[in-house]
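# Got a sequence here, can you model it:
(chains A, B, C and D)
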Protein chains: 2
Amino acid sequence: MPYSNTEENYLKALYHLSGESGEVSVKELSEKLLIKMPTVNSMMKKLSEKKLVHYESYKPLRLTEIGQQAAMQIIRKHRLTEIFLVEKMGFGCEEVHEIAEQIEHLKAPHFFEKIDEILGYPKIDPHGSPIPDKSGKIDIVAYEKLSDCKVGDRLKLVAVIHTEKEFLAFLNTRKLVLGTIITVLAIEKFDGSMTVSYNESKSETFSLTVNERLLVERCER
Amino acid sequence: MPYSNTEENYLKALYHLSGESGEVSVKELSEKLLIKMPTVNSMMKKLSEKKLVHYESYKPLRLTEIGQQAAMQIIRKHRLTEIFLVEKMGFGCEEVHEIAEQIEHLKAPHFFEKIDEILGYPKIDPHGSPIPDKSGKIDIVAYEKLSDCKVGDRLKLVAVIHTEKEFLAFLNTRKLVLGTIITVLAIEKFDGSMTVSYNESKSETFSLTVNERLLVERCER
DNA sequence: GTAATAACTTAGACTCATCTAACATAATTT
DNA sequence: AAATTATGTTAGATGAGTCTAAGTTATTAC
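This is a model prediction of the structure:
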């Protein structure tokens, strides 16, 4: 029942690559983990033995229920750790991921419970991603994307999707932080870009790509 | 230059087993790490290749300068982590060791620097053991052992040596905490045991083994 | 619908850290 | 000083996780 770091990394990657269908190819996994396909292949057989992955030759991979639960647990630890590093230790958002990547594998349940407690049992991480609870369930909060909003809407930025370094850096340069109140000034229909204002009437134009990654909540009033 | 967790554990154990002479036997190391002698043996050859250990067939083991530096670095991380867990996260002293045992191996220098900063660059850990600085040096504070004191001495408990669970538990049951003021009432010459009083005239007798592990500072007056 | 290409699998080798069994040296006892 | 015991070493096996090279099956293109 305690998985190796390696196994945990495979499970996490499988989870992250599972889209709607829940299907993942050996190749995708191989590229994500920077591990050669034959290695991935044999690991999939092993995880299949352990009932964590549905594996059949030449068919796409799928996490089993158990595998999914396990993945969630790891992601939970990762996200809790990230918040802790940022909010309680004063790390910057960018540098936190790699450290959490290591801490998430600690075999010390009590440690993560403590973090959870210290943070007040958060349900969403600093990037806005949901945090699974101890049983692996996530409290799905269906936030609206900025790209779905209309001119004149007043919104609060509550989360961002796909938190790679470059994107976080981009948000940084625009002084866009979680909690920022945004007003939509204009939308370009042909490319989905938006001109918005925030932080004392600053005005910026964001591309559709950006707008689809910004999750917002409607502000009453 | 980055060592594996395994190597780090060997280095740490070697350091802890090195007494005055700095010499350690394969057997001691084997027992400490719960790893069979042949395994230890071959690891010593490997660490010798890496210039971390002086190894010659049938001779005692000794850390090289480099090995010692490396060991110190790990111990530094361990101790900083322990303090952090206790003082900033509210863990109990007993449970902290095992978690630190894992965290000390994280490959994230920035993480430990942050902890060091948050803690205010401490030089001694909660058990009184010194913390090596970043270059591996320790600010040697030559504390006196209780076992070296005389009848009538008034002393402050400032540190304990060899902090295994059982010993900490023992101190706990005797309500002996760091900072306690102790007065030596009597010494049995034949076995080195001492009768002492502390905490409003309580009186207890400790064996030599205990007395050698309690580090004290002389109280003026 | 065959040929070319992309994706997947098998086979076999390597490194790391561990083990057991057997052998060698050193230390201790008598 | 010889015999016994304790300690140290060698040899060879194992499992985890990785690799490369060579095959196999799907998919895509013509």
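# okay, CA-based contacts and neighbour counts for the rest of this
Fine.
# Quick test: name the residue nearest the centre of chain A.
When C-alpha atoms, centre = their mean is applied to chain A, the residue found nearest the centroid is residue A:129 (4.8 Å).
# What does the pLDDT read for that one?
Note for residue A:129: predicted pLDDT of 73.
# Low-confidence regions, chain A specifically.
By pLDDT under 70, the low-scoring segments of chain A are A:1, A:126-128, A:139-142, A:161-165, A:201, A:220-221.
# All the strands of it, in order from the start?
Taking DSSP state E to define them, one finds strands in chain A at A:53-54, A:62-63, A:144-145, A:154-160, A:181-187, A:194-198, A:202-206, A:214-218.
# picking that back up, I figured the residue nearest to the centre of chain A hits residue A:143, correct?
No. Between residue A:129 and residue A:143 there is no contact, the gap being 10.4 Å when judged by C-alpha atoms under 8 Å.
# Which neighbours do these two have in common?
With C-alpha atoms under 8 Å, 6 or more residues apart in numbering or on different chains applied, the contact sets of residue A:129 and residue A:143 do not overlap.
# which one of the strands of chain A has the most crowded surroundings?
Across the strands of chain A, averaging neighbours per residue (mean count of other C-alpha atoms under 10 Å in any protein chain shown) puts strand A:62-63 on top, at a mean of 24.
# so what does that strand touch, helix or strand wise?
Strand A:62-63 sits against helix A:5-17, strand A:53-54, with contacts defined as 3 or more C-alpha pairs under 8 Å, 6 or more residues apart in numbering or on different chains; DSSP states H and E.
# Need the winner for burial among these.
The most buried one of the helices and strands packed on strand A:62-63 (mean count of other C-alpha under 10 Å) is strand A:53-54, showing a mean of 21.
# What strands line up against that strand, and which way round?
Strand pairing for strand A:53-54, determined by DSSP bridges: strand A:62-63 (antiparallel).
# and the partner strand, anywhere near DNA strand C?
No. Using C-alpha under 7 Å from any atom of the strand, strand A:62-63 stays clear of DNA strand C, coming no nearer than 11.5 Å.
# what residues does that strand touch?
Contacts of strand A:62-63 (C-alpha under 8 Å, 6+ apart): A:11, A:14-15, A:18, A:22-24, A:52-55.
# Of all the strands of chain A, which one comes closest to residue A:97?
Closest of those to residue A:97 is strand A:154-160, at 14.9 Å (criterion: C-alpha to C-alpha).
# what helices or strands is the closest one leaning on?
strand A:181-187, strand A:214-218.
# Who does residue A:194 form a beta bridge with?
residue A:187, residue A:206.
# So which residues of chain A form helices?
Using DSSP state H, the helices found in chain A span residues A:5-17, A:26-33, A:37-49, A:65-83, A:96-103, A:109-119, A:165-173, A:208-211.
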